[in-house]
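[1] Give me a model of this one.
(4 chains)
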2 protein chains.
Amino acid sequence: MSVHSILDVAIKVLLADPSASLGDVAKAAGVSRTTLHKRYATRHDLLVALAHDAYDRVDKAMTDAQLDVPGEDVVAGLERAITALIPLGPRIEFMYRQIGLDDVPDLVTRYEQSGEHLLRLIQRGQEAGKLRADLPDWWILATLEGSFYTAWEAISFGRLAPLDAPKLVMTTVMRGIGT
Amino acid sequence: MSVHSILDVAIKVLLADPSASLGDVAKAAGVSRTTLHKRYATRHDLLVALAHDAYDRVDKAMTDAQLDVPGEDVVAGLERAITALIPLGPRIEFMYRQIGLDDVPDLVTRYEQSGEHLLRLIQRGQEAGKLRADLPDWWILATLEGSFYTAWEAISFGRLAPLDAPKLVMTTVMRGIGT
DNA sequence: GATCGAGTGAACACTCATGTTCAGAAGTGT
DNA sequence: ACACTTCTGAACATGAGTGTTCACTCGATC
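    Alright, predicted model coming up:
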């Protein structure tokens, strides 16, 4: 069982039950508790590792989405970002729900940085007249993240097909629900 | 210390730290742990009581918002609903984050019912041509709830003034972020 | 085949929240 | 003043998760 597999399983288990014991995690990962303790000395260490792994993937997704290409269409960039974020749903949900990681300076820093790519894209969109300039940029970012999260929830409930999500999010966020 | 005050304090404490002990809750409420145990025999009982209290308030807010008046403007109804929900932010956030209450049939039922008022309003809005009919009603509902939640978060971070929230949510949700 | 590293299961001490009990204090009503 | 209720602080047993150690097994490597 590789490190990544363990983290994958740990995310799932801890998401289903945040109070799951390390024994539960180890069992689900097909690994002895001793081995788990060898990799992550304490529960806190495991949580931090999970958070870092999640941020790694978000960062990679944002980089891959090529949001910083100046000439390109902002809306297309947004759609690529959303599409890339959808598969990361479980990990982001985990980050979102886990409390007690606020006191880890590294993670706070990463959290603040994680939205930077999108925020710059949004600012460019506003300057280019593609996005409403009467709304604060941070609010637009929060709205985007919220809509993505709503989509992820709908997917996890089985109500929304993953492949339908990006377009649905984009049309909703861009045009709104009004006629 | 009245029952409602205890629940108020309990919400705050458990929201700040979901793993807070009953001793912490009791101390914060200015009540002995023994007394707390007398009112709520187990931790689970307390959580269920908190959930019911939250649903009570949501139900009351939705009823007070008069969403079922047939003739009235749907958009105005939505804004009243959002306005009424904002103050319930902490409680709804609590409901949202607490896991382990899924196995309480009463709460599952109440959860399903809690969105009914808004859903009917949305359906009326779609029929009246005020809301996009090309989007599923449940998705519009989820979008509304998500945007409300985004606003609540911004408020709790101190970035958004509570009185500004309803209008901001409405314009964002109705018109979207695009130009 | 011997050696090394990684993993395993079992046992252990430790901490902490929980739930319970009880005798006494504080307050309320008659 | 008295009876009654509620709240309190303290103590207790219990259970569960945690972190640690250790002897053992297994597989790969030399």
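[2] Within range of DNA strand C, give me the residues from chain A.
    Within chain A, the positions adjacent to DNA strand C are A:30-35, A:38 by Cβ under 7 Å from any atom of the strand. To be clear about C-beta, it is placed using only N, CA and C from the backbone, and glycine gets the same treatment.
[3] ok, which stretches of chain A are helices?
    Under the criterion DSSP state H, chain A contains helices at A:3-16, A:22-28, A:33-39, A:43-64, A:74-85, A:89-97, A:105-114, A:116-127, A:137-156, A:165-175.
[4] The last one relative to helix B:137-156, how many degrees between them?
    Helix A:165-175 and helix B:137-156 are oriented at 60 degrees to each other (axes from the mean of the first three to the mean of the last three Cα atoms, to 10 degrees).
[5] what distance separates helix A:165-175 from the middle of the whole chain?
    Distance of helix A:165-175 from the chain centroid (Cα atoms, centre = their mean, to the nearest Å) equals 17 Å.
[6] Residues touching that helix, excluding its own?
    For helix A:165-175, contacts defined as Cβ atoms under 8 Å, 6 or more residues apart in numbering or on different chains pick out A:75, A:78-79, A:82-83, A:86, A:143-144, A:147-148, A:150-152, A:154-155, A:160, B:132, B:135, B:139, B:143, B:175-178.
[7] pLDDT score for the closest residue in space to A:Arg97 that isn't next to it in sequence?
    Spatially, and ignoring its direct neighbours in sequence, A:Arg97 is nearest to B:Arg97 (6.0 Å; Cβ to Cβ, 6 or more residues apart in numbering or on different chains). Here, the pLDDT recorded for B:Arg97 equals 79.
[8] Tell me the residues on chain A that lie near DNA strand D, please.
    A:21-23, A:33-34, A:37, A:41-44.
[9] what does chain A have sitting close to chain B?
    By Cβ under 8 Å from any Cβ of the partner chain, the part of chain A that sits against chain B consists of A:17-19, A:75, A:97, A:99-100, A:129-132, A:135, A:138-140, A:142-147, A:149-150, A:153-154, A:159-160, A:168, A:171-179.
[10] Drop anything exposed from these.
    A:18, A:130-132, A:135, A:139-140, A:142-147, A:149-150, A:153-154, A:160, A:168, A:171-178 (16 or more other Cβ atoms under 10 Å in any protein chain shown).
[11] Scan the residues of chain A next to DNA strand C and report the most crowded one.
    A:Val31 (17 neighbours; other Cβ atoms under 10 Å in any protein chain shown).
[12] does that one really touch A:Val3, like I thought?
    No - the criterion here is Cβ atoms under 8 Å, and A:Val31 misses it with A:Val3 at 10.7 Å.
[13] chain center to stretch A:44-61: distance?
    Counting by Cα atoms, centre = their mean, stretch A:44-61 comes out at 10 Å from the chain centroid.
[14] my guess is A:Cys72 meets A:Gln66, correct?
    Heads up, residue A:72 is Glu, not Cys. Yes - assessed by Cβ under 8 Å, A:Glu72 is found in contact with A:Gln66 at 7.3 Å.
[15] shared neighbours of those two, anything?
    Counting by Cβ under 8 Å, 6+ apart, A:Glu72 and A:Gln66 have no common neighbour.
[16] so where's chain A uncertain?
    Residues of chain A meeting the criterion pLDDT under 70: A:1-2, A:99.
[17] what residues are up against the residue nearest the centre of chain A?
    For chain A, the residue nearest the mean C-alpha position is A:Ile92 (3.5 Å; Cα atoms, centre = their mean). For A:Ile92, the contact set (Cβ under 8 Å, 6+ apart) comprises A:54, A:58, A:85, A:149, A:152.
[18] Could you chop chain A up by domain?
    A:1-41, A:51-175 (automatic domain parsing).
[19] Quick one: residues contacting the nearest residue to A:Ile177 once chain neighbours are set aside.
    Once flanking residues are discounted, A:Ile177 sits nearest to B:Ile140: 5.1 Å by Cβ to Cβ, 6+ apart. Going by Cβ under 8 Å, 6+ apart, B:Ile140 touches A:177, B:122, B:126, B:131-132.
[20] Recalculate using a threshold of 10 Å.
    Going by Cβ atoms under 10 Å, 6 or more residues apart in numbering or on different chains, B:Ile140 touches A:172, A:177, B:78, B:118-119, B:121-123, B:125-126, B:131-133, B:173.
[21] Kindly report the same for A:Lys38.
    A:Lys38 neighbours (Cβ under 10 Å, 6+ apart): A:31-32.
[22] A:Leu14 - how many residues pack around it?
    21.
[23] close enough to count as contact, it and A:Ala51?
    No - applying Cβ atoms under 10 Å as the test, A:Leu14 and A:Ala51 come out as separate, 11.2 Å apart.
[24] Are there residues contacting both of the two? Which ones?
    A:94, A:98.
[25] Next one: the residue nearest to A:Ile177 relative to A:Leu144, how far apart?
    17 Å (Cβ to Cβ, to the nearest Å).
[26] Who are the contact partners of A:Leu7?
    Per Cβ under 10 Å, 6+ apart, neighbours of A:Leu7: A:29, A:39-40, A:46, A:49-50, A:52-54, A:91.
[27] Which single one of those residues is nearest to B:Tyr111?
    A:Arg91 (25.0 Å; Cβ to Cβ).
[28] thought the closest one was touching A:Ala54?
    Yes - using Cβ under 10 Å, A:Arg91 is in contact with A:Ala54, at 3.9 Å.
[29] Next, show the common contact partners of the two.
    A:7, A:11.
[30] is it true that A:Glu127 touches A:Ala133?
    Yes - under the criterion of Cβ under 10 Å, A:Glu127 makes contact with A:Ala133 at 8.0 Å.
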